[in-house]
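Colleague: Build the 3D model from these lines:
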Amino acid sequence: MTTIAVLGAGYAGMRAVKRLVHEKVDARIVLVNNNPYHYESTQLHEIAAGTKEPSDITFDIRDAVSDKVEVVIDTVERIDRESKQVVLKESQPLAYDYLVNALGFESETFGIPGAEENSLSFSNIDSALAVREHMEKTLANYATSHDENDLHIVVCGAGFTGIELLGELAWRVPQLAKQYSLPEDLIRITCVEASPKILAMLPDNLSKWAVDYLTSKGVEIHNGIMITEVRPGVVVTADQEFHANTIIWTTGVRGSHVICDSGYEQKRNRVIVEDDLSVKGHPDEYLVGDVSAVPDAQSGRLYPTTAQISIAQADVVAANIAARLAGREPHKFTFKSLGTVCSLGPHAGVAELNMMGHWKLKGHKVSMVKRLVNDRSVLELAHVKEMLESN
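Modeller: The predicted model follows:
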């Protein structure tokens, strides 16, 4: 029987297996993931800040997928593309006829000296919890250390994740100050960003509102400043140093290292795919989500990797595999963004939406929109039961 191997149970992988079952493909569908649960990666910053618990953003994979899908809990080490096998850490190699590679992302340091060793990043539940534990332990340590750097938090990077994290920290840290009886006037939350513009994907008025909101909550944002080095407790730029005993790295992501380890032609572990999302020279391989680089046919620029586009890619890949099994021509991938929603803590945010018109939103109402977006994502990946349990 034909075997379809789907690697990774993130947004793209979960959606792919759901759609493959919907397409009623005559094939064995195998989903491989290194954890028995799916987590909403767009909410990891809330785990890191301590405003949500892992149970709030996870659900069991086996409960969510059809009984027609085999679930293998194991770590993918590499892909033997010539023999069409997935090499696993604990299990025997998995032979496939079609491969859907949706292995997700890792933190990117861009080769900045000391960044990996002297800062904390998060790309999964465990690393997000490690950030939270370090931050809370370091803040609490001030009671005995009297080291003001224990009260300083530096977030490196003001991309989407960095800004959302700053919003959560601005809401959470004052609560921790009360919990540990800390001097609030000495607590500092600082962001250092190389780009001159914050939230460049949003209109100027919305990005300005976001920056003004964060600064009103005491966050210091230093943009247009390149980080040159990270030392223990110090973020170094060309002409300034930022001292903190909690340094969080959110400057960017790259695809899974499995891409490089498997010999793909790649940049930052992302592979430019064909217009049907297959790999050039390997029409039975499809790359989706953070490991893929998809050119916009009109502009030629690569689409940003988001949960929204990952889900759209998974739909096309499932339809294309079904088409190929039935001897039909595959579809070309096209994408129209429904918009961008950026939270600034539990009760505020900014958003630009392209649904039933064009909307620009800011303030408290965005928190409700964010909740609807998260619920929709769970529903697209699993079922109503998982959506209700995540609330």
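Colleague: Show me which positions of stretch 237-246 end up buried.
Modeller: Phe242, His243, Ala244, Asn245, Thr246 (16 or more other Cβ atoms under 10 Å). The way it works is simple: take the backbone N, C-alpha and C, and place the C-beta from them, glycine included.
Colleague: do the same with stretch 76-84
Modeller: Along stretch 76-84, these residues count as buried under the neighbour rule (16+ other Cβ under 10 Å): Val76, Arg78, Ile79, Arg81, Lys84.
Colleague: hang on, Val317 is in a helix, isn't it?
Modeller: Yes. Assessed by DSSP: H, G, I helix; E, B strand; the rest coil, Val317 belongs to a helix.
Colleague: gap between the nearest residue to it once chain neighbours are set aside and Val279?
Modeller: The spatial neighbour of Val317 that comes closest, neighbours along the chain excluded (Cβ to Cβ, 6 or more residues apart in numbering), is Tyr286 at 4.5 Å. Counting by Cβ to Cβ, to the nearest Å, the separation of Tyr286 from Val279 is 7 Å.
Colleague: between those two, what contacts are shared?
Modeller: Val273 (Cβ atoms under 8 Å, 6 or more residues apart in numbering).
Colleague: Who has more neighbours out of those two?
Modeller: Under the criterion of other Cβ atoms under 10 Å, the comparison of Tyr286 against Val279 puts Tyr286 first, with 30 against 20.
Colleague: tell me what the helix or strand where that one lies is packed against?
Modeller: Tyr286 is located in strand 282-287, with elements delineated by DSSP states H and E. With contacts defined as 3 or more Cβ pairs under 8 Å, 6 or more residues apart in numbering; DSSP states H and E, strand 282-287 has these neighbours: strand 98-101, strand 278-279, helix 307-325.
Colleague: returning to what we had before: residues contacting the residue nearest to Val317?
Modeller: For Tyr286, the contact set (Cβ under 8 Å, 6+ apart) comprises Tyr98, Leu99, Val100, Asn101, Val273, Leu277, Ser278, Val279, Val317, Asn320, Ile321.
Colleague: ok, and the most crowded of those residues?
Modeller: Taking other Cβ under 10 Å to define a neighbour, the member of the contacts of Tyr286 with the most is Val317, carrying 32 neighbours.
Colleague: Let me see the domain layout of this structure.
Modeller: Partitioning the chain according to automatic domain parsing yields domains covering residues 3-107+254-336, 115-251, 338-391.
Colleague: can I get those in a markdown table with mean pLDDT?
Modeller: What follows is those, written out as a markdown table (pLDDT from 0 to 100):
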| stretch | mean pLDDT |
| --- | --- |
| domain 3-107+254-336 | 96 |
| domain 115-251 | 97 |
| domain 338-391 | 76 |
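Colleague: tell me which element the residue in the chain sticking out farthest from the centre falls in.
Modeller: When distances to the mean C-alpha position of the chain are computed (Cα atoms, centre = their mean), the maximum falls on Thr144, with 36.2 Å. Per DSSP H and E: Thr144 is located in helix 125-145.
Colleague: What helices and strands are in contact with that helix?
Modeller: helix 44-49, helix 160-179, strand 246-249.
Colleague: switch the cut-off to 7 Å
Modeller: Taking 3 or more Cβ pairs under 7 Å, 6 or more residues apart in numbering; DSSP states H and E as contact, the helices and strands that helix 125-145 lies on are helix 44-49, strand 246-249.
Colleague: what distance separates the first one from the centre of its chain?
Modeller: For helix 44-49, the gap between its own C-alpha mean and the chain's C-alpha mean amounts to 11 Å (Cα atoms, centre = their mean, to the nearest Å).
Colleague: got it, and stretch 309-329?
Modeller: With Cα atoms, centre = their mean, you get 23 Å for stretch 309-329.
Colleague: How about residues contacting that stretch?
Modeller: Applying Cβ atoms under 7 Å, 6 or more residues apart in numbering, the contact partners of stretch 309-329 are 2, 4, 11-12, 15-16, 19-20, 23, 25-27, 98, 100, 276-277, 286, 288-289, 292, 303, 330-331, 333, 335, 380.
Colleague: Also stretch 26-39?
Modeller: 1-9, 13-14, 17, 20-21, 57-62, 64-65, 68-76, 86, 94, 125, 325, 381.
Colleague: Tell me the spacing between the residue farthest from the centre of the chain and Thr138.
Modeller: 12 Å.
Colleague: Could you pull up the residues touching the most centrally placed residue in the chain?
Modeller: In the chain, the C-alpha closest to the average C-alpha coordinate belongs to Ser41, at a distance of 4.5 Å (Cα atoms, centre = their mean). With contacts taken as Cβ under 7 Å, 6+ apart, Ser41 has the following neighbours: Gly10.
Colleague: at 8 Å what do you get?
Modeller: For Ser41, counting by Cβ under 8 Å, 6+ apart, the contacting residues are Gly10, Tyr11, Gly104, Phe105, Ser123, Asn124, Ala307.
Colleague: same thing with His331?
Modeller: His331 touches Asp276, Val316, Ala319, Asn320, Ala323, counting by Cβ under 8 Å, 6+ apart.
Colleague: Can you tell me how far the third one is from Arg28?
Modeller: Going back to what we said before, that points to Ala319. Distance check for Ala319 against Arg28: by Cβ to Cβ, it reads 19 Å.
Colleague: How about the last one?
Modeller: Distance of Ala323 to Arg28, computed by Cβ to Cβ: 18 Å.
Colleague: The first one too?
Modeller: Asp276 is 22 Å from Arg28, where distance means Cβ to Cβ.
Colleague: List the contacts of the closest residue to Ile259 other than its chain neighbours.
Modeller: Using Cβ to Cβ, 6+ apart and skipping residues adjacent in sequence, the residue nearest Ile259 is Asn269, 4.1 Å away. Residues in contact with Asn269 (Cβ under 8 Å, 6+ apart) are Glu106, Arg254, Gly255, Ser256, His257, Val258, Ile259, Cys260, Val291.
Colleague: hang on, the earlier thing: out of the contacts of stretch 309-329, which are inside helices?
Modeller: With helices identified by DSSP state H, the entries of the contacts of stretch 309-329 that belong to them are Tyr11, Ala12, Arg15, Ala16, Arg19, Leu20, Glu380.
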